[in-house]
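Q: Below are the sequence and a predicted model for it; my questions follow.
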Amino acid sequence: MSSTRKLGTIVRCSLLLVVGFLANVAFAVTLGTAHYVRAGATGAGSGTDWTNAYPSLPASLVRGDTYYVAAGSYGDLTLKDSGTTVTTILHPTTASHGTDTGWNDAYAGQAVWTSITFNQSDYVIDGATGGGPGSWGTGFGFKVQMPTSSGQSHAIGYGGSGTMSNITLRHIDIQGRGRAYTGGDTDLIYLLSPYSNFTISYSYLHDTDRTMMLTWPSSGTGMTIEYSYFARNGVAEHREAWSLGPDSNVIVRYNIFEDIFGTGVLAAVNNTGTASNWQVYGNVMYWTGNYTDGIINTGLIVMGCAPPSFCNQASGWQFYNNDIVNLVGGSFTAALELEGTTTNVVCEDNIWYKNNTSSGPGPTGCGQATTADYNWFYGNSQNSTRGSHDVVGTANPFVNWQGGDWHLTTEIPGLIMAAPDIADALGNGLGTDGIWDRGAYQGTSVSATKPAPPQALTASVQ
C-alpha cells in the first residue's frame with residue numbers, strides 16, 4: 001500500500017478516534033454537586049464535606065454528581081442508578097479534593113474495593129493518580145483487590161441487562177488472586193452483555209489466573225485500552241490479556257503487555273463475525289523470562305477460526321509502532337495469527353526482536369496482514385522480510401529493555417505516520433531531524449518533546 005493510500009485510510013480512522021477522544025473527555029469532566037465519602041466517618045453522614053462525609057458510597061447516587069472517595073476499605077460496590085447522565089466517582093488528592101472543610105492529607109491515601117459491579121451505564125471511576133509512563137504499576141488512588149477466597153468470578157463486571165454504555169475506568173490498580181490460583185477461573189474485567197464506549201486508561205491489570213479482560217458471550221463496539229499495564233496471567237489455554245470476539249472500533253495504544261500466556265495477547269476466539277476498525281499502536285508486548293510454565297500461546301494477536309462456529313474475521317486493522325520482544329518457548333509464534341478472512345490489515349513500523357516466528361503463516365510476525373512493510377527484525381527464529389522497506393538488523397536495538405527502557409540506541413527511520421499516531425506514550429513525536437522511528441518509542445532520549453495526553457480532567461463542582 002502506498003503512503004498516500006495509507007494516509008487516506010488512517011485519516012478516515014482518525015475521524016472515529018477524534019470523536020472517541022472527545023467523548024471520553026466529556027465523560028471525564030466532573031459536573032454537578034460534590035459529595036464526600038470517607039471510611040470511618042462519624043459525623044452527620046450527609047456527605048456535604050469531609051467532616052460530615054458518608055462512611056461509604058450511598059446505595060443510590062445522584063446522576064450527574066461527583067463523589068469523592070477517600071482512603072479506606074469499602075468492600076463490594078454495586079452501581080445501579082437509573083438515568084443516563086454521567087456520574088463520577090473520583091479520588092481526592094492533596095491538591096484537588098473539593099471542599100477544604102474537614103480535609104486531612106491522609107485522606108489522599110488509596111481507596112480499595114473487593115469488586116465493582118455495574119448494573120447501569122454512564123459512570124466514570126477515576127483514581128486520579130498512578131499508572132502510565134513513569135508509574136506503570138504504582139501510585140494508584142483506587143484499587144480493586146479480589147479476595148483470596150473463591151466464589152467471586154471477576155473484579156469488575158456488568159450485571160445489568162442490555163448494552164452497557166459509556167464506562168470509563170481510569171487510574172485503577174486491578175489485582176487478581178495470582179496466576180497460580182486453582183479455586184476456579186476468574187477474570188479481572190468481565191463484560192457479560194454487549195458494550196458501547198468502554199475505556200480503560202492509566203490502569204494496572206495484573207496477577208490473575210485467567211484473563212485480564214473477557215468480553216463474552218456478547219461482543220461490543222468502542223473499546224479503548226490505553227496507557228495501561230497488563231502483567232502476569234495464568235498458564236492454561238485461553239488465558240489472554242483480552243479474550244474477545246468480533247469486537248469493533250477498538251483502540252489499543254501505549255500499553256505494556258508483560259508475561260501474557262494462553263492463546264495470545266489479544267485473542268478473538270469467541271463467537272463468530274467481523275472485528276472491524278482496529279488501531280493497535282505504541283504498545284510493548286514482551287516476556288521477561290521470569291516464568292517458564294504454561295507457555296502454550298499460538299499467536300501474538302489471534303483471530304480464531306476453529307471450530308467454524310467460532311470463526312472471526314479482521315477488517316480495517318492498523319498494527320504499527322509496536323515492540324514485540326522475547327516471545328519464545330512453547331508453541332508461541334510472535335505473529336498476527338488471523339485465521340479467518342482478512343481485509344485491509346496493515347502491519348508496519350514494528351520492531352520484532354528475539355521472538356519465535358518459526359511456525360504459523362509468517363514466517364514474519366505480520367502473519368496474514370494484507371500489507372506488511374517498514375518492519376525491523378533481529379534475533380528472531382526467522383527474520384524473513386515481506387516489504388521492500390523491511391530491515392534485518394545486526395544487534396539489540398534497545399537501550400535496556402530488561403530494565404524497562406524501550407528507547408532505541410540508534411534511530412531506526414520508518415514510515416512517518418498520520419494522526420492519531422503522531423507521538424509515543426511519552427509525547428515524543430518527530431525529532432528535529434525529521435525522523436519517525438519504528439517501534440513504540442521515538443528517538444534515543446527519555447525526555448518528552450511535548451506534553452503527554454491529559455489524565456484526570458476536572459471542572460468546577462457546585
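A: Looks like it came in fine.
Q: which residues touch Thr186?
A: Residues near Thr186 by C-beta atoms under 8 Å, 6 or more residues apart in numbering: Met146, Gln152, Ser153, His154, Ala155, Gly176, Arg177, Thr208, Asp209, Arg210. (Each C-beta comes from the backbone N, C-alpha and C, glycine too.)
Q: Apply 10 Å and report the result again.
A: Counting by C-beta atoms under 10 Å, 6 or more residues apart in numbering, Thr186 touches 146, 150-155, 176-178, 208-211, 214, 234.
Q: Select only the buried ones of these in PyMOL?
A: Per 16 or more other C-beta atoms under 10 Å, the buried members of the contacts of Thr186 correspond to this PyMOL selection:
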select buried, resi 146+152+153+154+155+176+177+178+208+209+210+211+214+234
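Q: now, which of the contacts of Thr186 sits nearest Ala70?
A: Ranked by distance to Ala70 (C-beta to C-beta), the contacts of Thr186 are led by Ala155 at 20.9 Å.
Q: Ramachandran angles for that closest one?
A: Ala155 adopts backbone torsions of phi -90, psi -40, taken as degrees, to the nearest 10.
Q: Kindly provide the distance from it to Val399.
A: Distance, Ala155 to Val399, using C-beta to C-beta, to the nearest Å: 34 Å.
Q: and if you look at Thr85?
A: Applying C-beta to C-beta, the value for Thr85 to Val399 is 47 Å.
Q: what do you get for Lys80?
A: Counting by C-beta to C-beta, the separation of Lys80 from Val399 is 49 Å.
Q: Output the lowest mean pLDDT helix or strand found in the protein.
A: Least confident helix or strand of the chain, by mean pLDDT, DSSP states H and E, is helix 3-28 with a mean of 38.
Q: Give the residue spans of the stretch 101-250 of the chain that score low on pLDDT.
A: Applying pLDDT under 70 to the stretch 101-250 of the chain flags the ranges 236-237.
Q: And the helices in it?
A: Read by DSSP state H, counting those that start in this stretch, the stretch 101-250 of the chain holds no helices at all.
Q: Which of the contacts of Thr186 fall in strands?
A: His154, Ala155, Leu214 (DSSP state E).
Q: Would you reformat the residues you listed as JSON lines and include distance to Tyr441?
A: Below are these laid out as JSON lines (distance: C-beta to C-beta, whole Å):
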{"residue": "His154", "distance to Tyr441": "33"}
{"residue": "Ala155", "distance to Tyr441": "30"}
{"residue": "Leu214", "distance to Tyr441": "30"}
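Q: from the middle of its chain, how far away would the helix or strand containing Trp406 be?
A: In the assignment (DSSP states H and E), Trp406 maps to strand 405-408. Remark: strand 405-408 is offset 20 Å from the chain centroid, using C-alpha atoms, centre = their mean, to the nearest Å.
Q: cool, stretch 162-173 as well?
A: When distances are taken as C-alpha atoms, centre = their mean, stretch 162-173 is centred 12 Å away from the chain's centroid.
Q: rewinding a little: for the strand holding Trp406, buried residues please.
A: Buried positions in strand 405-408, judged by neighbour count with 16+ other C-beta under 10 Å: Trp406, His407, Leu408.
Q: Show me which of those is closest to Asp421.
A: Trp406 (16.0 Å).
Q: How many residues are close by the closest residue to the closest one other than its chain neighbours?
A: Among residues not flanking Trp406 along the chain, Tyr441 sits closest, at 4.9 Å (C-beta to C-beta, 6 or more residues apart in numbering). When neighbours are counted by other C-beta atoms under 10 Å, Tyr441 registers 25.
Q: Identify the residues contacting Tyr441.
A: Each residue near Tyr441 by C-beta under 10 Å, 6+ apart is listed here: 133, 254, 282, 284, 321, 323, 351, 398-399, 405-408, 424-426, 428.
Q: Show only the entries of these found in strands.
A: Applying DSSP E to the contacts of Tyr441, the entries found in strands are Val284, Asp323, Ile351, Phe398, Val399, Asp405, Trp406, His407, Leu408.
Q: Would you confirm that the first one contacts Arg253?
A: Spelled out, it's Val284. No - counting by C-beta atoms under 10 Å, Arg253 is not a contact partner of Val284; they are 11.4 Å apart.
Q: Now the common contact residues for these two.
A: Joint contacts of Val284 and Arg253 (C-beta under 10 Å, 6+ apart) are Asn322, Ala425, Ala440.
Q: tell me the contacts of the last one?
A: Translated: Ala440. 253-256, 281-285, 320-325, 349-351, 406-408, 424-425.
Q: Nearest residue to it in space, please, no chain neighbours.
A: Asp323 (4.5 Å).
Q: same question, the second one
A: In space, and not counting its chain neighbours, Ala425 is closest to Tyr254: 3.8 Å by C-beta to C-beta, 6+ apart.
Q: so that neighbour makes contact with Ile200?
A: No - using C-beta under 10 Å, Tyr254 is not in contact with Ile200, being 11.8 Å away.
Q: which residues are in contact with both of those two?
A: Common contacts of Tyr254 and Ile200, defined by C-beta under 10 Å, 6+ apart, comprise Ile225, Glu226, Tyr227, Ser228.
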